[in-house]
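Novice: predicted model, plus sequence, below.
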Amino acid sequence: MELLKLLILSFVISFAFLIVVDRVTGNLVDEYYDSIDYEERETNRYARQFQNYIEKNDLKSTDKKKLDKWVLKKRVLLIAIYKKNRIVYNCSGVSASALEDQAEHAENLTYEVFSTTPHMPKLNTANEETAEYLLEIAQYWIKEFDIDAWRLDVANEIDHHFWKRFYAATHELKSDFYILGEVWHSAQEWVEQEEFDAVMNYPFTESIALDFVNHETTAKEMVSMLSEHLMKYRDQTNEVMLNAMDTHDTARLLTLCHGNKELQRQTLAFMFTQPGAPCVYYGTEVGLDGGFDPGCRKCMIWDEEKQDHEMFAFMQKLIKLRKDYADIWSKGKVEYRNVCDETNSLEVVRSFDGAELHCFFNMGEKALEAPCSGEVLLGQNLKDDKIEKDGFIIVKK
């Protein structure tokens, strides 16, 4: 039971903590994506103590009893495989065989894991002691650090009963606490049952990309898909869904746009006009590109001389527009008007408490006249009272 208490399921990151000791250089590789103690952010101390113990006693990977003695004394879970000149230690009482040159995949496991990753064991949330401990951790960070939200990774693989308890435990401390689940498909069964407040709205933003970026659908088809997604949830849920055109699990928007920055700006502008909470992935605001993982997770462009300042200034204007008219964007009605397949264009109208914002987007090849007029708040590719390819205009009536 004591060891079980240390198997802490993280809903922002993962399950366990992996220590790798390089027997040649003496350096250790500790994975911050995983952890041992989720009340302790710094986990290096366990790794260093483990390394010192190995070096002091000149232990080998075959000295399992001695290694077990240290690990069990410290009540630490380590998953391990001996590979070449490295010790990656396993005290979980099971064996795993590595594939190729990494410890991320294993076969012949005697316990259930996420995917084929041996250091990410699945926990039994139906076990009361396990569930209680996880709920304590969920509340710990609210009590101690006043956090406002949990983002739940691969949330659809945990049982509904536990998520209901998780929701109750967090909202008991903060009535406006925000629980965001990662669900790649329809999430009605989670957001309608007081489990999550919202999810990462992948189906919604993918519908946007299919027309704006990929040109695989028509304007009417896109509107039909967007409307279908909006109809699945209550207005209160749609208002807080997380909308992102790119994330750590997708190719970056600029890459999907084949380097077309005007198209990237147009697509982001459209996302910002939609119901939900717009999310900008790090680096998108300065022109960072990248393909699918690991390309989408490459280092931020810290050198300001290499950053796209025009893109950054545009994002500032887009965010300011969202903040200046927060009530309309957050609470207002949404209508799709003048949707035309022939020109591949449409108008989005957002209205609230008598105020209206009209947004016209030209996804086609020919310059078009905007069906709306008023005070121009933001626009792109506007010439001679027309909106050219990859252009848009947002006006206040």
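Specialist: Alright, I've got the coordinates.

Novice: list the buried ones in stretch 112-132?
Specialist: For stretch 112-132, burial by neighbour count (16 or more other CB atoms under 10 Å) applies to 113, 117-121, 123, 125, 130-131. C-beta coordinates here come from the backbone N, C-alpha and C atoms, glycine included.

Novice: distance between the helix or strand that contains residue 179 and the chain's centre?
Specialist: Using DSSP states H and E, residue 179 sits in strand 178-181. The chain centre lies 11 Å from the centre of strand 178-181; the measure is CA atoms, centre = their mean, to the nearest Å.

Novice: please report phi then psi for the nearest residue to residue 373 once chain neighbours are set aside.
Specialist: Leaving aside its sequence neighbours, residue 373 sits nearest to residue 395 (CB to CB, 6 or more residues apart in numbering; 6.5 Å). Torsion angles at residue 395 (phi, psi; degrees, to the nearest 10) stand at phi -130, psi 150.

Novice: how about the contacts made by residue 395?
Specialist: 357-359, 370, 372-377 (CB atoms under 8 Å, 6 or more residues apart in numbering).

Novice: quick one on the thing from earlier: which parts of whatever helix or strand comes next after the strand holding residue 179 are buried?
Specialist: Next in sequence after strand 178-181, counting helices and strands by DSSP H and E, comes helix 188-191. For helix 188-191, the neighbour count (16+ other CB under 10 Å) marks 190-191 as buried.

Novice: got the contact list for helix 188-191?
Specialist: Residues contacting helix 188-191 (CB under 8 Å, 6+ apart): 155-156, 160, 163, 181, 183, 196-199, 232-233, 237.

Novice: do that again at 10 Å, thanks
Specialist: 152, 155-156, 160, 163-164, 167, 179, 181, 183, 195-199, 232-234, 236-238, 240-241 (CB atoms under 10 Å, 6 or more residues apart in numbering).

Novice: can you tell me which of these are buried?
Specialist: By 16+ other CB under 10 Å, the contacts of helix 188-191 give 152, 155-156, 163, 167, 179, 181, 183, 195-199, 233, 237-238, 240-241 as buried.

Novice: if we can go back for a sec, direction included, what does the strand holding residue 179 pair against?
Specialist: strand 149-152 (parallel), strand 198-199 (parallel) (DSSP bridges).

Novice: so which of these gets nearest residue 284?
Specialist: strand 149-152 (18.1 Å; CB to CB).

Novice: name the residues of the closest one that are buried.
Specialist: 149-150, 152.
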